[in-house]
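# Here is a sequence together with a model predicted from it:
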Amino acid sequence: MLDALWEGLLLILQWKPFAFMLVGVLVGFWVGLLPGIGGATTLALMLPFIYTMQPVEAFAFLLGMHSVVATTGDITSILFGVPGEATTAAIILDGHAMAKRGEAGRALGAALTASLIGALIGAAALALAVPIVRPLVLTFGSPELFMLAIVGLAFIASLSAQGARGMVRGFLAGGLGLLLAMVGQDPQAGVGRFTLDTLYLWQGLDLVPVLVGLFAIPEIIDLAVRGTSIAGDVPTGHIRRGALEGVKDVFRHPFLTVRCALIGTFIGITPGLGGAVAQWMAYGHATQSARNAEERKGFGAGDVRGVIGPGAACNSKEGGALIPTIAFGVPGSTSMAILLGGFFLLGLVPGPDMLTKHLSLTFSLVWTIVLANLITVAVCVLLLNHLAGLTNVAGHRLIPAILVLVFIGSFTSNSNYADLVVTLVFGAVGYLMVLAGWPRAPLVLGLVLGKIAENYLYISVARYGAGWLTRPVVLVLLAIAVAVVCYPVIQAWRGRHRAKHA
Amino acid sequence: MHNRASLLLAVAIAALSAWAIFSALAWPWKAKLFPLVISIPLLCLALAEVLWVLLGATSGARAADFRLSEEHPPEVVRRRTLIAVAWIAGFFVLVLLLGFLVAVPLFVLAYLKLQGKEGWLFAIAFTALLWAAFYGLFDELLHLPFPSGWLLEWLGLA
């Protein structure tokens, strides 16, 4: 195991993977700073670039980008009160309040240090999880792997929206994804399914044009609707001053930092919750750390603990979220579902292979998180005074550049104009979903898992008949799936019952 | 607006799953097992959502996902959305007719001048930079094939 850990480090330190990681960090740095585009969208946009890369290079690039987005997103949130990322909204409450009273440097110093510590704890959790999870995963056969796909869908469908109605929409999105995954030649009987008599659809829907359309088009339209850059002309002043004080603040509250990082890691591991939940739970925990009501009043008005908590949780969740993604192929968030798509594009199947044959690659992911965050925090500290200016890029300058990237990224997957049509169709679907308040993550997961889930189901039925349903692990997983679906419904019913009798 | 979008999505999914069930019935069991396992419950759920919307049940449930900004009045949002969609559709038509190599600089320049109201100097410099990055990376470095576009082929200029 230690050999693989060492090999993972050597893999990432080779010049090509390291260079790709730096490019990824650079892209992620910008994406995090700019409020207009999200991390998941950028991951989808970058997928076409990994076709020609080796797996270690591709993941250094994608994960290098993804793992720093939350770090630089904190900067925009603190300086302008506008979330650089959806996952960095909680830090605004105290971070921006500190900035407004002239303590932007201190808030940024605390946020960056907490982010770094959080990232290191998340990466350590990922490394430590491998020896624990490995024996469990290796006992799984096709029936268990099929049920895992169902559990993943149940988690993401029921938790990505609230209430029974939200859950129905989550399942509708997930089911649509599974249905779309069936487009093309069926692997068992060789029948062309849902091909509309076109040769293009015979090989199935390509993941890249679908994801690019689904995520980038709604954000481009929203950017156009908003008009100018959000950051606007808010004055920031000399922000580097006081940064050291913020660093010291983190070490004045070491247990709070570690506890919030652990909360982030735990939420990352739990499929379907995601970073937006992690930051608020960590913020809630930070407010609980206040000893009395008087001290609690400071939260929301610029208490540094309100910056440390979400800062640590936001980055630690990445390491945690990678655990179910790599070990079981069950992504916990939209970004992880897209990253899972990256695995399949490179011909890798998450699960037992990632913990045996490709163990050093798995550990290279751990090192990517560590190195990318170390580099980002160092650069942020050095450039603190200049970073604010970067957020003033106007929306109308970003839109043509992103749109060119969308069209080219989509076209390069098959060099076919039909790719562009797919992107536009799924752009419309994505926009409607966002408008209607439907979650997009279950659709992505359904599309990514559809083919392998069908394969596992077919093997299970062909090999065991109906007997596969009585295997103990299958029954346990089925119970988990049922519990995941029933719990929010029961919780809502109990809430209504209590309100009626109150 | 949210309910109308939800209704549209639910009706589309119901129609799609009904078509999937109908198509799958003609296939051998190996090919129809999974489509039927998925499409039948999907049709039921979609019809439930349609009923929910038609019966006027509003949902406060918002997805844990990206949300459209709500800082402008609805008519401004509608107008700007239509303009954005027109630009996207326009770029698609340009790519089809003229190919990427011509459509990219033309679109970027037009967008910056007409939509962004940028000055000529900035618009030309930004377009040149973006086109150079696109051409250098995708054409020269990655050697990706970009067709010339239908109009140029028809005119014999490809």
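The structure has been received and is ready for your questions.

# Output the lowest mean pLDDT helix or strand found in chain A.
helix A:293-296 (a mean of 69; mean pLDDT, DSSP states H and E).

# can you give me the strands for chain A?
A:184-185, A:192-193 (DSSP state E).

# how far is the first one from where the chain is centred?
A distance of 30 Å separates the centroid of the chain from that of strand A:184-185, by Cα atoms, centre = their mean, to the nearest Å.

# The last one now?
A distance of 33 Å separates the C-alpha centroid of strand A:192-193 from that of its chain, computed with Cα atoms, centre = their mean.

# dump the residue contacts of A:Val349.
Shown in contact with A:Val349 (Cβ atoms under 8 Å, 6 or more residues apart in numbering or on different chains): A:Gly329, A:Phe343, A:Ile452. Where you see a C-beta, it was placed from the backbone N, CA and C, and this is true even at glycine.

# I meant B:Ala89, not that one.
Here B:Ala89 is in contact with A:Leu424 (criterion: Cβ under 8 Å, 6+ apart).

# What distance do you get for it to A:Leu424?
8 Å (Cβ to Cβ, to the nearest Å).

# Quick one: the helices in chain B, in order.
For chain B, helices defined by DSSP state H occupy the ranges B:2-24, B:29-54, B:74-98, B:100-110, B:120-134, B:150-154.

# mind giving me CSV with those helices and columns for distance to A:Cys314 and mean pLDDT?
Shown next, in CSV, are those (distance: least, Cβ to Cβ, whole Å; pLDDT from 0 to 100):
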stretch, distance to A:Cys314, mean pLDDT
helix B:2-24, 29, 91
helix B:29-54, 33, 90
helix B:74-98, 30, 93
helix B:100-110, 34, 93
helix B:120-134, 31, 90
helix B:150-154, 48, 84
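
# Which residue would you name as the spatial centre of chain A?
For chain A, the residue nearest the mean C-alpha position is A:Ser335 (3.1 Å; Cα atoms, centre = their mean).

# Need the per-residue pLDDT for the nearest residue to that one once chain neighbours are set aside.
Spatially, and ignoring its direct neighbours in sequence, A:Ser335 is nearest to A:Ala40 (4.6 Å; Cβ to Cβ, 6 or more residues apart in numbering or on different chains). Per-residue pLDDT puts A:Ala40 at 77.

# same question, A:Asp303
The model's pLDDT for A:Asp303 equals 85.

# what residues are up against it?
By Cβ under 8 Å, 6+ apart, the neighbours of A:Asp303 are A:Asp94, A:Ala290.

# and if we set it to 7 Å?
A:Asp94 (Cβ atoms under 7 Å, 6 or more residues apart in numbering or on different chains).

# And it, how far from A:Ala70?
Taken as Cβ to Cβ, the span from A:Asp303 to A:Ala70 is 21 Å.

# what's the answer for A:Gly495, then?
Taking Cβ to Cβ, one finds A:Gly495 at 32 Å from A:Ala70.

# more neighbours, these two?
Per other Cβ atoms under 10 Å in any protein chain shown, whichever of A:Gly495 and A:Ala70 has more neighbours is A:Ala70, with 35 against 11.

# Excluding chain neighbours, what is closest to the more buried one?
That would be A:Cys314: by Cβ to Cβ, 6+ apart, it lies 4.2 Å from A:Ala70.

# I figured the residue nearest to A:Ser335 hits A:Val212, correct?
No. Distance between A:Ala40 and A:Val212: 11.4 Å, which falls outside the contact criterion (Cβ atoms under 7 Å).

# hang on, the earlier thing: which one of the contacts of A:Val349 sits closest to chain B?
Set against chain B, the nearest of these by Cβ to the nearest Cβ is A:Ile452 (11.3 Å).

# what does the stretch 151-300 of chain A put close to chain B?
Listed as neighbours of chain B in the stretch 151-300 of chain A under the rule Cβ under 7 Å from any Cβ of the partner chain: A:160-163, A:165-166, A:168-169, A:171-172, A:175-176, A:178-179, A:182, A:186, A:188-189, A:191, A:193-194, A:218-222, A:224-226, A:274, A:276.

# These, buried ones only, as a ChimeraX selection?
Per 16 or more other Cβ atoms under 10 Å in any protein chain shown, the buried members of these correspond to this ChimeraX selection:
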select /A:160,161,162,163,165,166,168,169,171,172,175,176,178,179,182,186,188,191,193,194,218,219,220,221,222,224,225,226,274,276
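
# phi, psi of B:Phe146?
The phi/psi pair for B:Phe146 (degrees, to the nearest 10) reads phi -120, psi 110.

# Isn't A:Ile263 up against A:Tyr283?
No. Here A:Ile263 lies out of contact with A:Tyr283, judged by Cβ under 7 Å, at a distance of 9.9 Å.
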